[in-house]
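Undergrad: A predicted structure for the sequence below; I have some questions about it.
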Amino acid sequence: AQRCLDQALDALKSDRVSWLETAIWQKVQLPGYSYEADGSYRLAPGQRFRMEMHTHLGEAEGTLLMVSDGRDLWHAMRPGDGPWESVTRLRLAEVFSTMNGPTGPQLRDEFLQRPHFQGMTPLLRNLRSRLVWARSERTHRAAGEQIHLVGVWAKEEAAKLAPAEEAWPTSLPRQCHLYLDAHTYWPQRVEWWGPTVANGADRLLVQMEFRNPVFNRPLTAEVCAQLFAFEPGDASIEDETASVTAEMTKRAGELTPPGVTR
């Protein structure tokens, strides 16, 4: 199972996939709370990407946007057609400047797995590092032949989420089901399962599908200029650069062996 996940990551390496487009669909079903969302993800060379999701909760709608032009990384939300809210900015050059020493490659990998960077590779890296993948089987579904992987939290992760002497919290995922295309290893579907009542059986809580992927189809410079740009309007902007840079500098110190200059 872990080898299959490694192959999925290998298939998405930047030297193989530099441009990517995919549609995204998500459904969340929790006790007393459920919604659906749909949107798209675009990836381009130079740390450029755009993920835009539109949520539907009853008659209410909202938008979640994460976009990077390679210089600034923006995160914003808005209800309906209203103005942007909760806008944050991260100046990438300043953050990456903390990653020039011997710990740079590891720092960069950790940084690119953070929630700031959404996309297929960060998703798979996160699943690979935090869960133990214990089962793999071939299956046939409407989408064709797939590889079905089942993962559970590693012991240290499970201990953080729920102490061993206590019942597993309701509505908290306990296992993950990942469906890869059997031929390309594209992650077609992710499911999170967990109990909805105390000591109850696991049920499907969250499901996501990544549909109709298009690989390595370059976009024009004009389209990129529009797609990866963001205009916050009159929204208040929270700049996270200083706090993230300080955090990464501290992490570099933790990773540097005694006596080695960073």
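TA: Looks like it came in fine. Numbering: from 1, shown residues only.

Undergrad: got a list of what the closest residue to I237 other than its chain neighbours touches?
TA: Once flanking residues are discounted, I237 sits nearest to V87: 5.0 Å by Cβ to Cβ, 6 or more residues apart in numbering. No exception for glycine: its C-beta is placed from N, CA and C like everyone else's. V87 makes contact with 74-76, 232, 235-238, according to Cβ atoms under 8 Å, 6 or more residues apart in numbering.

Undergrad: I'd like to know how far V87 sits from A225.
TA: For V87, the distance to A225 equals 20 Å [Cβ to Cβ, to the nearest Å].

Undergrad: now do S171
TA: Using Cβ to Cβ, we find S171 at a distance of 42 Å from A225.

Undergrad: measure N199 to P169 for me?
TA: From N199 to P169 the distance is 11 Å (Cβ to Cβ).

Undergrad: Of those two, give the one with the bigger neighbour count.
TA: P169 (13 against 8; other Cβ atoms under 10 Å).

Undergrad: pLDDT of stretch 205-222, averaged?
TA: Taken as a whole, stretch 205-222 has an average pLDDT of 96.

Undergrad: And it, what's buried?
TA: Using 16 or more other Cβ atoms under 10 Å as the test for burial, stretch 205-222 gives 205-210, 213, 215, 219.

Undergrad: Then stretch 130-150?
TA: Neighbour counts over stretch 130-150 (16+ other Cβ under 10 Å) mark 131, 133, 136, 146-150 as buried.

Undergrad: try stretch 176-192
TA: Buried, per 16+ other Cβ under 10 Å, within stretch 176-192: 176-182, 185-192.

Undergrad: next one: phi and psi at S136?
TA: Backbone geometry at S136, expressed as degrees, to the nearest 10, gives phi -140, psi 140.

Undergrad: how close does G70 sit to K160?
TA: Per Cβ to Cβ, G70 is found 34 Å from K160.

Undergrad: So which of the buried residues of stretch 205-222 sit within strands?
TA: 205-210, 213, 215 (DSSP state E).

Undergrad: Strands of the stretch 51-200 of the chain, residue ranges please.
TA: Taking DSSP state E, counting those that start in this stretch as the test, the strands found in the stretch 51-200 of the chain are 60-69, 72-79, 85-91, 131-141, 144-153, 175-181, 187-195.
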